[in-house]
Structure formats: C-alpha cells, structure tokens
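>>> task: produce atomic coordinates for the following.
(one chain, ligands or ions: 1)
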Amino acid sequence: MNLITTSKPYNSFEVAQAQFDEVASLLDLDEATRTLLRNALREYTFSIPVRMDDGRVKVFRGFRVQHNDARGPCKGGIRFHPQETIDTVRALAMWMTWKCAVVDIPLGGAKGGVVCDPHNLSAREQEQICRGWVRQVARDVGPFTDVPAPDVMTNAQHMLWMLDEFETLQGGRHPGFITGKPVGMGGSQGRAEATGFGVVFTLREALRDLGLEAEATRASVQGFGNVAQHAIRLYQQLGGTVTCVSSWDQAEQMAFAFRRESGVDLDRLLEIADRFGGIDKEEARKQGYDVIPGEAWLEERVHILIPAALENQINAENAGLIDPSVRLIAEGANGPTSPDADRVLKERGIYVIPDFLANAGGVTCSYFEQVQSNMNYFWEKDEVLAKLDVKMTSAFAAVSELAKKRRLPMREAAYVIAVSRVAQACRDRGWV
Ligand code: NAD
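Here you go, the predicted structure:
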C-alpha cells in the first residue's frame with residue numbers, strides 16, 4: 001500500500017508527537033506533563049503462534065499500546081495490516097486519547113494491531129489470531145481497564161471471537177470488554193454507521209460555518225470501506241453528490257478511482273465491492289464509471305474531499321494537486337494529512353475538520369455500546385444515532401467556537417481542547 005510517498009519515510013508517531021509538541025507549546029504545558037503525554041503509559045508487543053491450515057505454525061507480531069487513561073479506561077481499535085508497525089500503533093493510540101477527550105467521553109486512548117493480511121488468511125486462521133491476541137494481553141485489558149474495538153480489516157466477527165476468548169479465560173460474561181460486536185451479541189445498533197455518519201454530522205456543521213448548502217456541493221472520497229460507505233450514504237441523504245470514490249485493488253496491489261460525473265450510486269457500487277471495500281473494475285465500467293488511477297480522487301473538481309482510507313494520503317507531494325474548487329476536507333481516516341500538506345491547506349485557506357474530531361463518531365458509539373453492554377440494556381437505532389448527533393455536533397461547536405475566538409485552524413483548536421482536558425485529568429489525579 002502507498003504508505004511511503006515522501007522522500008523521508010513517513011512515520012505516524014513522529015507526526016503525532018510533532019502535533020502534540022506544537023499544542024503543548026501553545027498551552028505552555030510543564031515539562032513533566034509534556035513528557036508524560038508525548039509517550040504511551042504502557043506498551044505490549046508479543047508473538048502469536050498460529051497453526052495454519054496447511055499444518056505449519058506461523059508466528060504473527062501483535063501490539064497493544066495504552067497511551068493514557070487519566071480520563072477513563074483505555075479505548076481503541078485493533079488493526080490487521082501487513083504494514084502495521086509499533087509506531088503506527090503508538091500514533092493511533094495517542095490520537096485515540098485526544099479523540100475521546102475532544103468529544104468529552106470518559107475514556108482514554110489505546111490501539112492494537114497484528115502484522116498480517118486477512119486477504120490471505122482463512123476464517124479459521126483469523127480466529128486463531130484473534131484468540132491468540134487476547135491470550136497475550138488478557139491480564140492487561142478488560143471492561144474497566146482497556147476496551148478494544150475493530151479498525152482497518154477487523155470486524156464484528158473478530159470482536160466476538162476475542163470476547164469469547166476473554167470470557168473463557170476470565171470465566172463469566174463480560175460483554176463490556178470489547179465493542180463493535182454483532183448486534184444481538186452485545187453490539188450496539190448504529191455502530192456500523194457511526195464513524196461515517198459522525199464524519200457527515202461534522203461536515204454538515206462545517207458547511208453551515210462556510211455558508212454552503214449540502215445540495216449544492218460535490219465530494220470525492222478516498223476509500224470504500226466502513227467509514228467511506230456510511231459517510232457517502234448520509235452525505236447523499238443531505239443532498240450532496242459524490243462524483244468519485246477510490247479503493248484498493250488487491251489483485252493489482254494498487255488503488256483505482258471510480259468516477260461518474262452524475263454521481264455514484266452507492267447501493268449498486270456495494271453490489272460489486274468485496275468485503276474489504278475493493279471495487280470490481282469491469283463491473284464498474286459497465287455501470288458507467290471511468291476507472292482512473294487511485295490518486296486521482298484528490299484532483300477532482302469538487303467542494304469537499306473525504307479521505308477515508310489510510311494515513312499520509314494527502315502529503316507534500318500531492319497537496320498541490322488539490323483542485324482550487326475544494327473548500328473543505330473532512331478527515332474520515334486517521335492521520336490522512338501530513339504536517340507538510342497541512343501547511344499547504346492552511347495557506348490555501350481550505351477548511352479542515354481534523355481526523356480526531358471528524359471520525360470520533362466510531363468511538364462515541366463504542367462508548368454507547370460499552371454503556372449498554374455493562375447495563376445489559378440496549379437502545380433502538382434511532383436513539384443511538386440521535387445521541388451520536390448530539391455529541392458530535394456539540395464537540396464540533398466547541399472546536400469551531402474556540403477556532404474563531406483564538407483565530408486558530410480547526411486542528412489546533414481541537415488539540416487545545418483535547419490536550420487541556422487530558423492534562424487537567426493528569427493533574428487532578430496528582431500524576432504531574
Ligand atoms: P476498511 O478496512 O473498512 O476500509 C478501508 C478502505 O480503504 C477500503 O475500501 C480499501 O479498499 C481502501 N484503501 C486502502 N488503501 C487505499 C489506497 N491507497 N487508496 C484508496 N483506497 C484505499 O477501514 P475503515 O474502518 O473504513 O477505516 C478507514 C480509516 O478510518 C482508517 O484510517 C481507520 O483508522 C479510520 N477509522 C475507522 C473507524 C471505524 O469505526 N471503522 C473509526 C475511526 C477511524
């Protein structure tokens with residue numbers, strides 16, 4: 001995958017730390033607080049031996065990083081990815097801390113991962129990886145310490161296998177251990193939609209800030225997975241037109257973009273997408289799409305860009321290719337914009353809804369799931385999505401207000417709110 005596109009290898013953790021350093025200076029944080037928050041409180045790296053279907057044993061590398069739990073139990077997804085590294089997990093764990101703080105939910109930040117490619121693993125092999133991951137960290141995670149969830153290439157089934165392993169080891173039923181479970185097995189209604197819908201709740205508010213009507217806007221989306229699909233759905237319901245989506249082609253090991261001037265038909269595209277969000281090129285052509293290089297999603301003449309695939313997709317090399325018509329970027333993915341590119345966006349006056357605000361709908365709904373699981377009482381979908389809208393809208397309003405008041409870009413304003421809350425919790429606990 002296109003993770004390394006700049007001359008210096010991209011390192012998410014360096015980016016996360018640089019972003020933190022900037023806000024720490026803005027807030028004039030003392031040295032101890034800076035040192036504490038620049039790094040994770042705890043990190044676990046481990047091996048997961050799995051007997052593969054062909055009888056051989058393969059050993060996978062697993063991670064769990066708990067960045068900070070001053071405001072509540074750690075929370076964060078588990079990513080299965082062939083290019084997963086401890087630094088990516090560290091960055092994502094730190095971003096989780098800020099994400100939970102900016103939407104003001106009583107949780108800290110963590111992230112996990114396994115270096116593997118589910119495309120090439122049978123269901124049984126994936127189950128063994130899930131169970132092995134839990135066996136290695138069962139002592140250090142749990143409903144009141146650290147609550148995992150799905151991320152890239154992990155889903156509700158993976159979460160259920162992990163829960164089952166945890167409950168087998170602990171004895172009893174502990175549905176609050178993990179979120180993103182299947183509905184009916186401790187999962188929350190609305191979790192599947194939550195991240196993508198959350199992106200669009202903030203997008204709706206940002207359009208209001210910019211004085212734009214959703215019906216009069218066009219958008220281009222990178223990615224066609226969980227986040228992208230639901231973001232497209234709600235944005236289209238608001239009346240917006242998506243003219244381009246891009247996704248990863250596993251067979252060709254490269255991304256392609258699918259462009260249709262009249263707008264994409266989400267349901268028909270879903271019919272020709274695989275479970276990883278890869279789109280069938282031949283079928284897409286039959287549906288009237290131009291199949292173009294994956295990077296071209298960024299060059300579309302649209303008002304809105306929604307990167308919803310992976311980190312470092314808008315970088316120093318391609319930021320200049322963004323069309324002058326683009327007014328707004330809603331970061332569905334974690335860390336999609338490199339700091340260099342961020343500077344270009346600022347200079348061009350492009351309004352950015354930063355990742356840890358825009359995509360916080362997922363963790364907010366995960367928090368609702370945890371609450372429902374712990375009380376063993378589950379809400380209707382409308383109730384979940386209405387509560388999600390309230391949380392996302394008020395978080396957006398607080399960030400936007402601070403941005404205007406202190407003349408800060410949205411990313412800095414979101415950081416100021418999040419880091420202040422976490423630093424205060426560390427001080428209140430007497431840690432620093
Ligand atoms: P997913 O695995 O469901 O989908 C990822 C999509 O990205 C797939 O369609 C894949 O084809 C596409 N993709 C991968 N590489 C690409 C490339 N180079 N160019 C174009 N498309 C590419 O993952 P997801 O859950 O939708 O997550 C997407 C992003 O959102 C990640 O950064 C993730 O960390 C973040 N995120 C997800 C959630 C959640 O609840 N799922 C919550 C917060 C943040």
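
>>> tell me the confidence at residue 2?
At residue 2, the predicted lDDT confidence score is 40.

>>> could you do residue 393 as well?
At residue 393, the model reports a pLDDT of 98.

>>> how close does residue 80 sit to the ligand?
9 Å (Cβ to the nearest ligand atom, to the nearest Å). For every residue, glycine as well, the C-beta is placed using N, CA and C.

>>> which strands or helices does the helix or strand where that residue lies pack on?
For residue 80, the host element (DSSP states H and E) is strand 74-81. Here strand 74-81 touches strand 57-68, helix 86-102, strand 109-115, helix 123-137, strand 146-150, helix 156-170, helix 361-375, going by 3 or more Cβ pairs under 8 Å, 6 or more residues apart in numbering; DSSP states H and E.

>>> what pairs with the first one, and is each one parallel or antiparallel?
Within its sheet, strand 57-68 is paired with strand 42-51 (antiparallel), strand 109-115 (antiparallel), according to DSSP bridges.

>>> pull the contacting residues for the residue of the chain found nearest the ligand.
Of all residues in the chain, residue 225 sits closest to the ligand, at 1.7 Å by Cβ to the nearest ligand atom. Taking Cβ atoms under 8 Å, 6 or more residues apart in numbering, we find residue 225 in contact with 152, 247, 276-277, 308-309.

>>> angle of the helix of greatest length in the chain against helix 361-375?
Assignment by DSSP state H gives helix 381-406 as the longest helix of the chain. Per axes from the mean of the first three to the mean of the last three Cα atoms, to 10 degrees, the angle that helix 381-406 makes with helix 361-375 is 130 degrees.

>>> quick check: beta-bridge partners of residue 58?
Under DSSP bridges, the beta-bridge partners of residue 58 are residue 50.

>>> what distance do you get for residue 35 to residue 399?
Taking Cβ to Cβ, to the nearest Å as the measure, residue 35 falls 26 Å from residue 399.

>>> can you check residue 28 too?
In terms of Cβ to Cβ, residue 28 sits 20 Å off from residue 399.

>>> more neighbours: the two, which one.
Legend: neighbour count by other Cβ atoms under 10 Å for residue 28 and residue 399, higher for residue 399 (27 against 6).

>>> who's in contact with that one?
102, 357, 410, 413-414, 417.

>>> looking at it, residue 43 is touching residue 94, isn't it?
No. Residue 43 lies out of contact with residue 94 (Cβ atoms under 8 Å); the separation is 11.7 Å.

>>> who's more crowded, the two?
Of the pair residue 43 and residue 94, residue 94 is the one with more neighbours under other Cβ under 10 Å, namely 29 against 15.

>>> OK, contacts around that one?
13, 16-17, 20, 40, 67-68, 109.

>>> okay, it: pLDDT?
Residue 94 is given a pLDDT of 98.

>>> gap between it and residue 143?
Taking Cβ to Cβ, one finds residue 94 at 23 Å from residue 143.

>>> so can I have TSV of the contacts of residue 399 showing distance to residue 338, pLDDT and secondary structure?
Formatted as TSV, these follow (distance: Cβ to Cβ, whole Å; pLDDT from 0 to 100; DSSP: H, G, I helix; E, B strand; the rest coil):
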residue	distance to residue 338	pLDDT	secondary structure
102	21	98	helix
357	18	98	helix
410	17	97	helix
413	20	97	helix
414	17	98	helix
417	23	98	helix
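
>>> which of the residues in stretch 24-32 are buried?
Burial within stretch 24-32, assessed by neighbour count using 16 or more other Cβ atoms under 10 Å, is assigned to 24, 29.

>>> first-to-last residue distance for it?
With Cα to Cα, to the nearest Å applied, stretch 24-32 spans 11 Å between its terminal residues.

>>> before we move on, what about stretch 344-360?
Using Cα to Cα, the two ends of stretch 344-360 sit 25 Å apart.

>>> now do the buried residues in it.
Buried, per 16+ other Cβ under 10 Å, within stretch 344-360: 344-345, 350-360.

>>> inside strands: which ones of those?
If you go by DSSP state E, these have 351-353 in strands.

>>> re the thing from before, including mean pLDDT, could the strands paired with strand 57-68 go into JSON lines?
JSON lines is the format used below for the strands paired with strand 57-68 (pLDDT from 0 to 100):
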{"stretch": "strand 42-51", "mean pLDDT": "98"}
{"stretch": "strand 109-115", "mean pLDDT": "98"}
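
>>> okay if I get these as CSV plus distance to residue 394?
Converted to CSV, the strands paired with strand 57-68 look like this (distance: least, Cβ to Cβ, whole Å):
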stretch, distance to residue 394
strand 42-51, 31
strand 109-115, 20
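
>>> ranking the ones you listed by burial, who's on top?
Mean neighbours per residue, mean count of other Cβ atoms under 10 Å, is largest over these for strand 109-115, with a mean of 28.

>>> which of the contacts of residue 225 ranks first by neighbour count?
residue 308 (31 neighbours).

>>> surely that residue meets residue 332?
Yes. Using Cβ under 8 Å, residue 308 is in contact with residue 332, at 3.3 Å.

>>> so does the helix or strand where residue 269 lies get close to the ligand?
According to DSSP H and E, residue 269 maps onto helix 266-271. No. Using Cβ under 6 Å from any ligand atom, helix 266-271 stays clear of the ligand, with a minimum separation of 10.8 Å.

>>> quick one: mean pLDDT for that helix?
Rounded mean pLDDT across helix 266-271 is 97.

>>> just the C-alphas of that helix, formatted as PDB.
Extracted in PDB, the C-alpha atoms of helix 266-271 (Å, rounded to 0.1, in the frame of the first residue of the first chain):
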ATOM      1  CA  LEU A 266     -23.900   3.700  -3.500                       C
ATOM      2  CA  ASP A 267     -26.100   0.600  -3.400                       C
ATOM      3  CA  ARG A 268     -25.100  -0.500  -6.900                       C
ATOM      4  CA  LEU A 269     -21.400   0.000  -6.100                       C
ATOM      5  CA  LEU A 270     -21.800  -2.000  -2.900                       C
ATOM      6  CA  GLU A 271     -23.100  -4.900  -5.000                       C
END
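
>>> thanks a lot, catch you later.
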